[in-house]
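>>> Sequence plus the predicted model coming up.
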Amino acid sequence: MRIAFLLTQSLESPSGLGRYWPLAKEMGRLGHQVDILALHHDFRALDRRHFRQEDVEVRYVGQMHVLKRDSTKSHFSPVQLYRIALASTWQLMNHALKTPADAYHLGKPHPMNGLAGWIAARRRKVPLYVDCDDYEAASNRYSDRWQRPIVRWFEDWLPREATGVTVNTPFTKTRLQALGIPTDRIVYVPNGVDPARFAASHGQSPVALRQQLSLGSRPVILYLGTLSLVSHPVDLLIRSFVAVHAHSPEAMLLLVGGGDDIAPLKESVRALGLQNVVQFLGRVHPAEVPAFLRMADVSVDPAHDDLIAQGRSPLKIVESMMVGTPVVTGDVGDRRQILADGQAGLLVRPGSASALAEGIIKLIRNPTLAQRLGEAGRLRAGLFHWDRLVRDFMQVYQQ
């Protein structure tokens, strides 16, 4: 079977790196031919736009809806975004029509890849599939009020038009069922990890990384993800760290990642007097991620009890489980299911800075508990390997 994925993000993005790229590789290992047609976060600066890697054909065809450079993310003006959307939609559609596929699969039901895939599927008379891995209408930042209704319309319309839909949370499955989509057309596959990426000895050792960052034996609390407050409440974690610092003055909070809210987060750190114990390290190369996770004593996924958290399957949780670093997160969405009712990680009340602080302090104070949760997470992480999940994902083509 030849499958063409149409993505509105690059393979270096969280969804690209944590879902679509390992999924495509595993589908190739099962004997399928996979093409990825994608938009890039800095298309003009891209040197290699077409390449073949691990039997997957990858082609970047245009600019995605935001611009990312180094650790910063910037948004286009409404006029710029309109022009980019038209050009990128045309390029995705044009390349999709040139790609002889048995099926097109949309990575996220966005307007650009959605319209391109829908037209290509109808022209070529092949099935169209949709992967919903976030609640897009709630989890994106919009520069103009007309944008959210358009995204919401496509997010509801495309799954109805599709032959089958893959989702990564029970919340999204339930939401689509409420829209009238039959249950037998929906396949649930959570986010997973690529074992090879974590087994390979890339990057520095955790000991060398601690030395480089002058951390010594200090307790390290790690947030590794996007610094964008519309979808990731890192401010909640920073507020919680006031109590953590009061309990354990030696503890350090490392914020690893880029985004469009770095400046206000840094200002919040200064206002709370935490500038000596909170470090912003920016984006790191994907190969360095395992070392950062192994180096940390606690990994944190802050969350509110809202539609954004309910509709997200946090990659940072399963990656932390993979290396045996205990996780503290809000008890919302499918996090309880992922962490085996709290046997493989610590669940706290979502949206509460005090509850998040208590959870972090609990693990700092009790190394035995931290080790037990980390080891249970490591064992459970096997359920989220992509060489296992790919077979569940492929069921959507058999519906």
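The structure has been received and is ready for your questions. The model shown is predicted, which means the values in this text are computed figures rather than measured ones.
>>> would you list every one of the helices in the stretch 101-250 of the chain?
When secondary structure is read from DSSP state H, counting those that start in this stretch, the stretch 101-250 of the chain shows helices at 111-124, 136-139, 147-161, 170-178, 195-199, 206-212, 234-247.
>>> among these, which is the most enclosed?
Ranked by average neighbour count under the criterion mean count of other C-beta atoms under 10 Å, these are headed by helix 111-124 at a mean of 22. All C-beta atoms are positioned from the backbone trio N, CA, C, and that covers glycine.
>>> follow-up on the earlier one: quick one: the helices of the stretch 101-250 of the chain as CSV, columns for distance to residue 377 and mean pLDDT too.
CSV is the format used below for those (distance: least, C-beta to C-beta, whole Å; pLDDT from 0 to 100):
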stretch, distance to residue 377, mean pLDDT
helix 111-124, 34, 96
helix 136-139, 25, 67
helix 147-161, 32, 89
helix 170-178, 20, 95
helix 195-199, 13, 84
helix 206-212, 17, 90
helix 234-247, 19, 97
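>>> can these go into TSV with extra columns for distance to residue 339?
TSV is the format used below for these (distance: least, C-beta to C-beta, whole Å):
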stretch	distance to residue 339
helix 111-124	32
helix 136-139	21
helix 147-161	28
helix 170-178	14
helix 195-199	18
helix 206-212	23
helix 234-247	18
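>>> who touches residue 132 in this structure?
Residue 132 makes contact with 108, 109, 155, 159, 165, 166, 167, 168, 172, 176, according to C-beta atoms under 8 Å, 6 or more residues apart in numbering.
>>> Report all helices and strands that the strand or helix carrying residue 4 contacts.
Element membership for residue 4, per DSSP states H and E: strand 2-7. Where contact means 3 or more C-beta pairs under 8 Å, 6 or more residues apart in numbering; DSSP states H and E, strand 2-7 is packed against strand 33-40, helix 78-98, strand 103-107, helix 111-124.
>>> So which of these has the densest surroundings on average?
In terms of average neighbour count - mean count of other C-beta under 10 Å - the standout among the helices and strands packed on strand 2-7 is strand 103-107, at a mean of 27.
>>> May I have the strands that pair with that one, each with its orientation?
strand 2-7 (parallel), strand 128-132 (parallel) (DSSP bridges).
>>> who wins for proximity to residue 197 among those?
Of all these, strand 2-7 sits nearest to residue 197, with 18.8 Å by C-beta to C-beta.
>>> Buried residues, that closest one. List them.
3, 4, 5, 6, 7 (16 or more other C-beta atoms under 10 Å).
>>> The first one and residue 106: what is the separation?
The span separating residue 3 from residue 106 equals 11 Å under the rule C-beta to C-beta, to the nearest Å.
>>> repeat for the last one
Taking C-beta to C-beta as the measure, residue 7 and residue 106 are separated by 8 Å.
>>> can you list residues touching both of the two?
Common neighbours of residue 7 and residue 106, counting by C-beta under 8 Å, 6+ apart, are residue 113.
>>> who are the neighbours in contact with residue 30?
Residue 30 makes contact with 390, 391, 394, according to C-beta under 8 Å, 6+ apart.
>>> Please apply the same query to residue 179.
Counting by C-beta under 8 Å, 6+ apart, residue 179 makes contact with 156, 159, 160.
>>> okay if I get these as TSV plus distance to residue 350?
Below are the contacts of residue 179 laid out as TSV (distance: C-beta to C-beta, whole Å):
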residue	distance to residue 350
156	26
159	27
160	31
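>>> Doesn't residue 333 lie inside a strand?
No - counting by DSSP: H, G, I helix; E, B strand; the rest coil, residue 333 is not part of a strand but coil.
>>> which one of the contacts of residue 132 sits closest to residue 37?
Nearest member of the contacts of residue 132 to residue 37, counting by C-beta to C-beta, is residue 108, at 13.3 Å.
>>> Next one, pLDDT for the closest one please.
Residue 108 is assigned 92 on the pLDDT scale.
>>> Return the distance of it relative to residue 3.
Residue 108 is 16 Å from residue 3, by C-beta to C-beta.
>>> do the same with residue 72
Taking C-beta to C-beta, one finds residue 72 at 34 Å from residue 3.
>>> mind listing what the closest residue to residue 131 other than its chain neighbours touches?
Distances taken as C-beta to C-beta, 6 or more residues apart in numbering place residue 166 nearest to residue 131, at 4.5 Å, with adjacent residues excluded. Applying C-beta under 8 Å, 6+ apart to residue 166 gives the contacts 105, 129, 130, 131, 132, 186, 187, 188, 189, 393, 396.
>>> Number of residues surrounding the last one?
Here the neighbour count serves as a burial measure; for residue 396 (other C-beta atoms under 10 Å) it reads 23.
>>> Going forward, the N-terminal residue is numbered 10.
Renumbered: residue one is now 10, and that last one reads residue 405.
>>> how near is it to residue 24?
17 Å.
>>> My guess is residue 170 contacts residue 137. True?
Yes - if you go by C-beta atoms under 8 Å, residue 170 and residue 137 touch, sitting 6.5 Å apart.
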